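A.B. asks: One predicted model, sequence on top.
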Amino acid sequence: MTWNYRVVHRVVNAEDIYAVHECYYDDDGFPEMVTEDPIAAQGETYEELVQEVVHYIAALAYPILEYDKIVP
C-alpha cells in the first residue's frame, strides 16, 4: 500500500476545514483512506522537519480530496 500527504476538505460544525492528512491508496492508485485527524509537521531534527514541510508543500499540487467521499 502506498501513501502520501494530501489536502483534505471536510465540514465540521458547519465550517469548512482544509488540512493535510496521510492518504493511503489501493492497488489501482485510487485514494482508499485518509487519517481521521490532520498530521502535524514534526521531526527529530531541523532537517527532518524541513523535509516534512517539503512533503506538505507537495500535497498542494494534488487535487483536494473530500473527506466524506473517502471515509464512510
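C.D. replies: Yes, it's here.

A.B. asks: And stretch 36-47, how far out from the chain middle?
C.D. replies: Centroid separation for stretch 36-47 versus its chain: 12 Å, with Cα atoms, centre = their mean, to the nearest Å.

A.B. asks: If you could redo that for stretch 52-71, that was the one I meant.
C.D. replies: 4 Å.

A.B. asks: Quick one: end-to-end distance for it.
C.D. replies: For stretch 52-71, the first-to-last residue distance is 24 Å (Cα to Cα, to the nearest Å).

A.B. asks: same thing with stretch 29-43?
C.D. replies: Using Cα to Cα, first and last residues of stretch 29-43 are 28 Å apart.

A.B. asks: residues of it that come out buried?
C.D. replies: 31, 33, 34, 35, 38, 39 (16 or more other Cβ atoms under 10 Å). All C-beta atoms are positioned from the backbone trio N, CA, C, and that covers glycine.

A.B. asks: Likewise for stretch 17-24?
C.D. replies: Buried, per 16+ other Cβ under 10 Å, within stretch 17-24: 19, 20, 21, 22, 23, 24.

A.B. asks: before we move on, what about stretch 3-19?
C.D. replies: 5, 6, 7, 8, 10, 19.

A.B. asks: Out of the residues you listed, give me the two with the largest separation.
C.D. replies: Using Cβ to Cβ, those reach their maximum pairwise distance at 5 and 10, which is 15.5 Å.

A.B. asks: and stretch 59-67, which residues are buried?
C.D. replies: Here stretch 59-67 shows 59, 65, 67 as buried, counting by 16+ other Cβ under 10 Å.

A.B. asks: quick one: low-confidence ranges for the protein?
C.D. replies: Where the chain drops to pLDDT under 70, the residues are 72.

A.B. asks: Perfect, I'm done here.
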